[in-house]
Structures are given as structure tokens and as C-alpha cells.
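J.: here is my input; please provide its structure:
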Amino acid sequence: MATTYEWSFPNFETDADNKVKVIHWRYTATDDENNSATMYGSDGETNDQNFDTITKEDAKACVLEHSDTTEADMKANLDAQIASQKAPALTSKTKEW
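T.: This is a model prediction of the structure:
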């Protein structure tokens with residue numbers, strides 16, 4: 001089964017000079033059975049890049065530079081979340097008394 005991974009950056013916070021101060025990000029994995037998992041966060045340690053010229057690759061590099069984990073570790077985390085969805089360790093049950 002193939003899993004696809006996608007970075008998205010839904011929001012940037014900028015100052016009065018249009019310099020990026022905070023990058024809000026999401027990293028999503030989707031397998032070919034439409035199971036998905038997402039990690040998200042924000043990076044407030046940006047390099048003051050200009051909002052008008054920042055690219056998706058710039059944003060990704062900035063997030064990874066300031067992260068305490070690697071992209072490979074993030075993929076492994078998302079893969080584990082999808083695996084857990086397919087074979088949950090716990091099942092919720094109810095009883096009608």
C-alpha cells in the first residue's frame with residue numbers, strides 16, 4: 001500500500017514589515033484506503049522571511065530546522081497512527097442494562 005505525505009501551511013503571522021514571525025503547519029499522511037493521520041504545530045522561530053517571497057519549500061525547511069524531530073520520524077509517527085486505526089489496541093463497547 002502506498003502512503004502519500006503532504007505539507008500544508010494554512011496560516012502565517014507577519015509583522016508590520018510583512019516579515020513572517022509564525023508559521024502554522026500541518027503534515028498529513030493518507031494511505032490508498034483513505035485512512036489518514038495529521039501532525040500540526042506552529043514555528044515561532046522563523047528567519048524573518050518576507051511573506052511575499054516565502055515558498056512552500058522555505059516554510060518546510062524552517063519548520064524542520066526548528067523541530068526536535070526529523071521528517072523521517074514524522075512519517076513513522078503518521079504511519080503508526082494509520083496502523084493503529086486499522087488495528088486498534090482498544091475497542092470501545094457499551095452495555096445496555
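
J.: longest helix of the protein?
T.: helix 71-86 (DSSP state H).

J.: put the alpha carbons of that one into CSV.
T.: Extracted in CSV, the C-alpha atoms of helix 71-86 (Å, rounded to 0.1, in the frame of the first residue of the first chain):
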residue,chain,number,x,y,z
GLU,A,71,10.8,14.3,8.7
ALA,A,72,11.5,10.6,8.7
ASP,A,73,10.4,10.4,12.3
MET,A,74,7.3,12.4,11.5
LYS,A,75,6.5,9.9,8.7
ALA,A,76,7.0,7.0,11.1
ASN,A,77,4.6,8.6,13.6
LEU,A,78,1.9,9.2,11.0
ASP,A,79,2.3,5.6,9.7
ALA,A,80,1.9,4.3,13.3
GLN,A,81,-1.3,6.4,13.7
ILE,A,82,-2.7,4.9,10.5
ALA,A,83,-1.7,1.3,11.6
SER,A,84,-3.5,1.9,14.9
GLN,A,85,-6.6,3.0,13.0
LYS,A,86,-6.6,-0.3,11.1
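
J.: contacting residues around it?
T.: 3, 5, 27-29, 31, 33, 35-39, 64, 67, 69 (CB atoms under 8 Å, 6 or more residues apart in numbering). Bear in mind the C-beta positions are built from the backbone N, C-alpha and C, glycine included.

J.: who are the contact partners of the residue nearest the centre of the chain?
T.: Closest to where the C-alpha atoms of the chain average out (CA atoms, centre = their mean) is Tyr27, at 2.3 Å. Tyr27 makes contact with Tyr5, Glu6, Trp7, Ser8, Thr38, Met39, Tyr40, Met74, Leu78 under the criterion CB under 8 Å, 6+ apart.

J.: give me the buried subset of the contacts of helix 71-86.
T.: Burial by neighbour count, judged by 16 or more other CB atoms under 10 Å, picks out Thr3, Tyr27, Ala29, Asp31, Asn35, Ser36, Ala37, Leu64 from the contacts of helix 71-86.
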